[in-house]
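Trainee: sequence first, predicted coordinates after that:
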Amino acid sequence: MITLAADGGSFAQFMSEQLVQFIEYTGFANVTIGHIAMILIGLLFIFLGIKYEFEPLLLVPIGFGMLIGNIPFYPGLKIGIYEQGSVLNILYHGVQNGWYPPLIFLGIGAMTDFSALLSNPKLMLIGAAAQVGIFAAYMGALGLGFQPNEAGAIGIIGGADGPTAIFISSQLAPELMGAIAVSAYSYMALVPVIQPPIMRLLTTKKERVIKMKPARQVSKLEKISFPIIGLLFCAFMVPSGLPLLGMLFFGNLLKECGVTKRLSEVASNAVINVCTLLIGITVGASTQAEVFLSAKSVEIFALGAGSFVVATFCGVLFVKIMNLFLKEGNKINPLIGNSGVSAVPDAARVSNNIGLEYDKSNYLLQHAMGPNVAGVVGSAVAAGILLAFLH
């Protein structure tokens, strides 16, 4: 009987110890206020993506990734995104090493029609003007005490181009990648909220109803020649932007040449969709409270907002300046100035929607797509310039 009692006591002690260990390994035992805050932010992203359709293909994966990344766990289990050898860490290599962004640019190129830009090449200047936001954020980051390489990575948020922001931060400031990527994608999603008040503020009722000439028909030869000439010109000027520019123009050539339809369809569907999923979930998961919640993250979000506002201001104001030198009948509606940022096609849709508010027959979407796709090229060129100076 004594032996049985002893054995029973040992068993009870063993079970008690196992229960305590189990409790120590649960998320409930390791949770912090930071985890709760980030989970709430993730739920907000999911809500905005589903309820208001603010870039749902980005916000829903990123938001769910935030939930995954902020489930508290006992250290050493090799499940966290920052723990070497974990599944999430392996998937995150595509972000850390800049593998996913060029593949996304391949898909963007395969989906993009540059006809609006080719039919009216001066619209490219609007896309270039909007990139001022990048360099404004760069100067602002330097003023706040960030190192030049960190400032360069932060500045690219002003281009409203998530893949470019990830690529640049992977090269210049990998430790800030989570905050930079979430900031860039957040402001891309909030284009319909941020830009309209600025557009209305800077334009008059007369300017908002300017009707632009119909775009001319672009030949197939022009469409095929553009990605080849564009690559040679841009890459010779900024070789450091080659990973993004090369894939963008290659994808566009696949689309326009007419003999690689299968490759174009794969690039514009399977490749870009898989990479968008992986970027969204891993970028979201990288926002672990211990790493993400810091004063630097707050400053990055503030700089990102400022750069986005500056980019929109510069795009609209540049069109107004251009109109001073254009004859009546050739003037450009300043409402398309906002689309110089790289948020394709949401920024162009905003241009069109605001234009229709003041004239139900004034469709600006086709015209706005010109500076919008120019902004994609412009942000990649700006990224190359920053890499050339700061890498």
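Mentor: Ah, there it is. Residues are numbered from 1 along each chain as shown.
Trainee: and the closest residue to residue 202 other than its chain neighbours, how far from residue 212?
Mentor: Leaving aside its sequence neighbours, residue 202 sits nearest to residue 316 (C-beta to C-beta, 6 or more residues apart in numbering; 4.7 Å). For glycine as for every other residue, the C-beta is placed from the backbone atoms N, C-alpha and C. Counting by C-beta to C-beta, to the nearest Å, the gap from residue 316 to residue 212 is 15 Å.
Trainee: these two: who's more crowded?
Mentor: The residue with more neighbours, out of residue 316 and residue 212, is residue 316; 28 against 20, by other C-beta atoms under 10 Å.
Trainee: buried set for the helix or strand harbouring the more buried one?
Mentor: According to DSSP states H and E, residue 316 maps onto helix 295-323. Within helix 295-323, the residues that qualify as buried are 296-297, 299-301, 303-320, 322-323, counting by 16 or more other C-beta atoms under 10 Å.
Trainee: quick revisit: I figured the residue nearest to residue 202 hits residue 199, correct?
Mentor: Yes - judged on C-beta atoms under 8 Å, residue 316 makes contact with residue 199 at a distance of 6.0 Å.
Trainee: common neighbours of the two, please.
Mentor: Common neighbours of residue 316 and residue 199 (criterion: C-beta atoms under 8 Å, 6 or more residues apart in numbering): 334, 335, 337, 338.
Trainee: any chance of those residues in TSV, with secondary structure and distance to residue 34 too?
Mentor: As requested, the shared contacts of residue 316 and residue 199 are arranged in TSV below (DSSP: H, G, I helix; E, B strand; the rest coil; distance: C-beta to C-beta, whole Å):
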residue	secondary structure	distance to residue 34
334	helix	44
335	helix	42
337	helix	40
338	helix	36
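Trainee: residue contacts, the most centrally placed residue in the chain?
Mentor: For the chain, residue 162 is the residue whose C-alpha lies nearest the centre (C-alpha atoms, centre = their mean; 1.7 Å). Counting by C-beta under 8 Å, 6+ apart, residue 162 touches 58, 181, 184, 185, 188, 279.
Trainee: and the chain, what are its domain boundaries?
Mentor: According to automatic domain parsing, the chain comprises the domains 2-30, 95-390.
Trainee: now do the same end-to-end measure for the last one.
Mentor: This stretch, domain 95-390, spans 20 Å end to end (C-alpha to C-alpha, to the nearest Å).
Trainee: please apply the same query to stretch 323-334.
Mentor: End to end - C-alpha to C-alpha - stretch 323-334 spans 9 Å.
Trainee: sorry, back to before: of the contacts of residue 162 - the most surrounded one?
Mentor: Taking other C-beta under 10 Å as the neighbour criterion, residue 184 ranks highest of the contacts of residue 162 with 32 neighbours.
Trainee: that one against residue 165, yeah?
Mentor: Yes - between residue 184 and residue 165 there is a contact under C-beta under 8 Å: 3.8 Å.
Trainee: flag the shaky bits of the stretch 101-250 of the chain, pLDDT-wise.
Mentor: For the stretch 101-250 of the chain, no stretch has pLDDT under 70.
Trainee: all helices for it, in order.
Mentor: 115-119, 124-130, 132-143, 148-155, 162-172, 177-189, 191-202, 205-208, 220-237, 242-256 (DSSP state H, counting those that start in this stretch).
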